[in-house]
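Undergrad: structure for this input, please:
(4 chains)
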Number of protein chains: 2
Amino acid sequence: MDKHALFYKLVSFTASVHHVTHELTKNAKPDSISQVQYSMLEYIAVSQPVTPSEINQCQNMSMPNTSRELSKLKEKKLIEKITDSQDRRKQYIRLSHEGEAVMKEAFETIESRFRERVQHASKEDLAEIERAIDILQSKLFYR
Amino acid sequence: MDKHALFYKLVSFTASVHHVTHELTKNAKPDSISQVQYSMLEYIAVSQPVTPSEINQCQNMSMPNTSRELSKLKEKKLIEKITDSQDRRKQYIRLSHEGEAVMKEAFETIESRFRERVQHASKEDLAEIERAIDILQSKLFYR
DNA sequence: TTATTTAGTTATCAAATGATAATCAAGAGG
DNA sequence: CCTCTTGATTATCATTTGATAACTAAATAA
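TA: Have a look, this model is predicted:
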């Protein structure tokens, strides 16, 4: 298979990933937060503490919009901002207890749907899946 | 690795896929069409002819919004609507010549970025990537 | 023929998102 | 001290997106 054919396979694959991600995550977040806010929370959850700059880099959004959405998340008491004691321009963002709870619940919903999806997979299948993810993550979807 | 750990690996993986997809596709579409419109065009491009119902199923959008965005795409002369001769409620959507040209250019941009991304991959790496995609598509990201 | 269902449209609305300019405050370098 | 840069905020705006209700037209079932 040449690179051109592989590229088309990739296009179809990424469409599937997006589609299935949507299936797994739909309605997993509380209605009170928007999609973008949820993505930010997910990023914060796995990378905390993070700075607003890191969030806008990683989530491809502008600083003003990042700042606005973080304010909303803070109003909803889902995150906390801590000013860096060394460089007081910097802020560290963490989930609040409530934020942790919200994300825990969301992840549990998503995980249970994931388990349904792989319920018929054998131990060997799972090992293969894991290996495949490692390969793609390191050789194609590296950041 | 148990399913729980695999799930966390999946979360990180899908985030990478989204991120890299964004890298590959950013600015590939003309400014004159929105993100949603581009997604529709991409789906139409690979699946044509499609009906509006199929689009809204696949793209997770409502019929009214699908209809509205299709109208805009038609105004921009990127698609054509053909009424089914059997069942005149049905419409078949295809790319126009201009639509084909737009998508060809977009795909070329994206493909060239893809090639940059895998430029250091050996023949064996590429074969591994292909195999990994097949595994994930069939065992995890099936629709 | 008369419902009923299906496929799609139109109109309208609120909310989310993205972009820009102007601003502030803290650090860094001269 | 003064300037420049960095990290973040505020304000404002246009556009996109998502949701809903009301509707048309064609097919199907009763």
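
Undergrad: how close does the residue positioned nearest the centre of chain A sit to DNA strand D?
TA: Of all residues in chain A, the one closest to the mean position by Cα atoms, centre = their mean is residue A:42, 4.3 Å from it. Residue A:42 sits 17 Å away from DNA strand D, going by Cβ to the nearest atom of the strand, to the nearest Å. In short, each C-beta sits where N, CA and C put it, glycine included.

Undergrad: could I get the full set of strands for chain A?
TA: Here chain A has its strands, by DSSP state E, at A:79-83, A:91-95.

Undergrad: so what touches stretch A:113-128?
TA: A:20, A:23-24, A:28, A:129, B:1, B:3, B:6-7, B:10, B:135, B:139-140 (Cβ atoms under 8 Å, 6 or more residues apart in numbering or on different chains).

Undergrad: end to end on it, go ahead and measure it.
TA: End-to-end span of stretch A:113-128 (Cα to Cα, to the nearest Å): 20 Å.

Undergrad: where do the helices sit along chain A?
TA: Counting by DSSP state H, chain A has helices at residues A:3-25, A:35-47, A:52-58, A:63-75, A:97-117, A:123-139.

Undergrad: kindly reformat the ones you listed as TSV containing mean pLDDT and distance to residue B:103.
TA: As requested, the helices of chain A are arranged in TSV below (pLDDT from 0 to 100; distance: least, Cβ to Cβ, whole Å):
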stretch	mean pLDDT	distance to residue B:103
helix A:3-25	92	11
helix A:35-47	95	26
helix A:52-58	95	29
helix A:63-75	97	29
helix A:97-117	96	31
helix A:123-139	96	25
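
Undergrad: nearest to residue B:82, out of the ones you listed?
TA: Each of these has some distance to residue B:82 by Cβ to Cβ; the shortest is helix A:3-25, at 24.2 Å.

Undergrad: close to DNA strand C, is that closest one?
TA: No. Using Cβ under 7 Å from any atom of the strand, helix A:3-25 stays clear of DNA strand C, coming no nearer than 12.9 Å.

Undergrad: which strands and helices lie in contact with that helix?
TA: Contact here means 3 or more Cβ pairs under 8 Å, 6 or more residues apart in numbering or on different chains; DSSP states H and E; on that basis helix A:3-25 packs against helix A:97-117, helix B:3-25, helix B:35-47, helix B:97-117, helix B:123-139.

Undergrad: with distance to residue A:69 added, can I get those in TSV?
TA: Below are the helices and strands packed on helix A:3-25 laid out as TSV (distance: least, Cβ to Cβ, whole Å):
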stretch	distance to residue A:69
helix A:97-117	14
helix B:3-25	17
helix B:35-47	18
helix B:97-117	28
helix B:123-139	31
